[in-house]
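Asks: Structural data only, the sequence is not supplied:
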């Protein structure tokens with residue numbers, strides 16, 4: 001973010017080549033967000049995931065803040081788990097949740113990608129299992145809405161739009177509401 005800092009998402013899940021993508025440590029996983037000095041490799045800051053089985057997988061940068069995206073890897077499929085957060089300065093990850101449970105459930109405990117329109121402070125977060133892209137007001141730290149997109153995966157902010165890719169190979173242009 002500043003100078004020689006690099007921000008890294010550590011999902012916390014261990015695998016082994018002989019087991020493929022099978023997770024070997026779900027019960028003891030330690031997901032975190034870390035800041036490293038890019039020149040020395042020194043650990044500058046470390047922030048724990050806000051929940052035991054919330055694996056920090058993807059990041060986006062908004063000014064001096066890091067938008068943190070998580071995927072729930074535990075066995076509680078009926079629990080509302082943190083999926084979107086913001087980390088700033090030396091503060092812990094602040095989880096942002098939709099006010100309505102229906103919006104939260106729609107995300108299906110899984111986020112994939114995020115993009116931020118810096119001029120508006122709006123973020124788009126894809127949720128492929130829920131077949132939606134969600135929108136967040138970062139300065140106000142609140143959920144705005146979701147739109148259906150089959151297997152929404154990648155997203156980028158570009159010239160007043162969010163461009164979202166779907167699992168079917170199509171891409172969708174969504175005007176950024178300012």
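Replies: Ah, there it is. Note that this is a predicted model, so its numbers are computed, not measured.
Asks: Count the residues that sit near residue 97.
Replies: A total of 18 residues lie near residue 97 under the criterion other Cβ atoms under 10 Å. C-beta here means a position set from N, CA and C on the backbone, and glycine is covered the same way.
Asks: The helix or strand where residue 7 lies: which residues count as buried?
Replies: For residue 7, the element it lies in under DSSP states H and E is strand 5-10. Neighbour-count burial for strand 5-10, counted by 16 or more other Cβ atoms under 10 Å, picks out 7, 9, 10.
Asks: buried residues in the helix or strand following it?
Replies: Toward the C-terminal end, the helix or strand that comes next after strand 5-10 (DSSP H and E) is strand 32-37. Buried residues in strand 32-37, defined by neighbour count with 16+ other Cβ under 10 Å: 32, 33, 35, 36.
Asks: thought residue 152 was touching residue 163?
Replies: No. Contact criterion Cβ atoms under 8 Å: residue 152 and residue 163 do not qualify, at 11.3 Å.
Asks: Quickly find the element holding residue 71.
Replies: Per DSSP H and E: residue 71 is located in strand 65-72.
Asks: returning to that earlier point: out of the buried residues of strand 5-10, who's nearest residue 117?
Replies: Set against residue 117, the nearest of those by Cβ to Cβ is residue 7 (19.4 Å).
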